[in-house]
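Trainee: Any chance you can model this:
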Amino acid sequence: MLLQRRECPVVFGGPSLRLARDMHADRFDYRPPARRGDLHRLLAENPGRRGCALLTDGVFGESMAVSPSECIDLLQAGWMLFGASSMGALRAADCSQVGMVGIGDIFFAYRTGYYRSDADVAVLYQADTQNEISMSLAHADHLVRELALRYPINDIGRRFLLRALREVPWYDRSPALAADIIARCFGEPALHSEVLSLWRDPRHNPKVRDATNACNLLSRYFLRK
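Mentor: This next block holds a predicted model:
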């Protein structure tokens, strides 16, 4: 069995997959961000099959999110289930003790308690283009860490900054508002445009990085002959 080529893994996601889709265009069965019922539909579509699925992005506010019980049902049916980036990282932290495998920094942040809430990764995006129109706390946190390497800010200042960002509801945290808060807390007004530039670049998005790494690992090991 280990020497046979595996079936195409199912990958759920949206904005986090923007680089992975280009790198692995034909290697995965790509589906939209996961929502309640999607994992049960996998079981219904493939009775008796033991496949592989990766969760990255999922819906948060506009409909019901994929539940931990769905993840457990898929695992108990013999599927391999991985999670990264956003909803996938959150559910992997929820279900790691029953066999779901988490990948990436955001999963590790949830597993260790650094992130605790769905709202830490939640983001609004356009349904047709899957472009983000708000900034997740995890993304803002990553940008703050990058900027702190070049602009002075002490630990107290950084904690105050993250608290200010967290206090903005996830659906109201526009990139412009987040950039205002970051520039003000650093005391560097010119940082506003730099934050927006970094936000637009997927290479500085921790969700994109984690999803890309997850797809790379599945391509390298799961799909290997």
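Trainee: Name all residues that make contact with A138.
Mentor: The neighbours of A138, taking C-beta atoms under 8 Å, 6 or more residues apart in numbering as the test, are 86, 106, 109, 115, 120-121, 206-207. (Each C-beta comes from the backbone N, C-alpha and C, glycine too.)
Trainee: oh sorry, the question was meant for C95
Mentor: With the criterion set at C-beta under 8 Å, 6+ apart, C95 makes contact with 68, 71-72, 75, 81, 83.
Trainee: Neighbour-wise, give me the winner out of the contacts of A138.
Mentor: Highest neighbour count within the contacts of A138, by other C-beta atoms under 10 Å: I106, with 34 neighbours.
Trainee: Might one say that that one is in contact with P206?
Mentor: Yes. Because the distance of 5.9 Å satisfies C-beta atoms under 8 Å, I106 is recorded as touching P206.
Trainee: Need the overlap of contacts for those two.
Mentor: Residues touching both I106 and P206 (C-beta under 8 Å, 6+ apart): 85, 138.
Trainee: hey, where'd the strands end up in the chain?
Mentor: Listed in chain order, the strands found in the chain under DSSP state E are 10-12, 29-31, 52-55, 80-84, 101-103.
Trainee: Looking at these, which is nearest to Q130?
Mentor: Evaluated over those, closeness to Q130 peaks at strand 29-31, with 11.1 Å, by C-beta to C-beta.
Trainee: Each with direction, which strands does that closest one pair with?
Mentor: For strand 29-31, sheet partners with direction are given as strand 10-12 (parallel), following DSSP bridges.
Trainee: neighbouring contacts of the strand it pairs with?
Mentor: 17, 20, 28-34, 38, 42, 51-58, 88, 215.
Trainee: Mind checking which of these are buried?
Mentor: 17, 20, 28, 30, 33-34, 38, 42, 51-58, 88, 215 (16 or more other C-beta atoms under 10 Å).
Trainee: Serialize the strands of the chain to JSON lines and add fields for distance to L177 and mean pLDDT.
Mentor: What follows is the strands of the chain, written out as JSON lines (distance: least, C-beta to C-beta, whole Å; pLDDT from 0 to 100):
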{"stretch": "strand 10-12", "distance to L177": "29", "mean pLDDT": "97"}
{"stretch": "strand 29-31", "distance to L177": "31", "mean pLDDT": "95"}
{"stretch": "strand 52-55", "distance to L177": "28", "mean pLDDT": "96"}
{"stretch": "strand 80-84", "distance to L177": "27", "mean pLDDT": "97"}
{"stretch": "strand 101-103", "distance to L177": "30", "mean pLDDT": "98"}
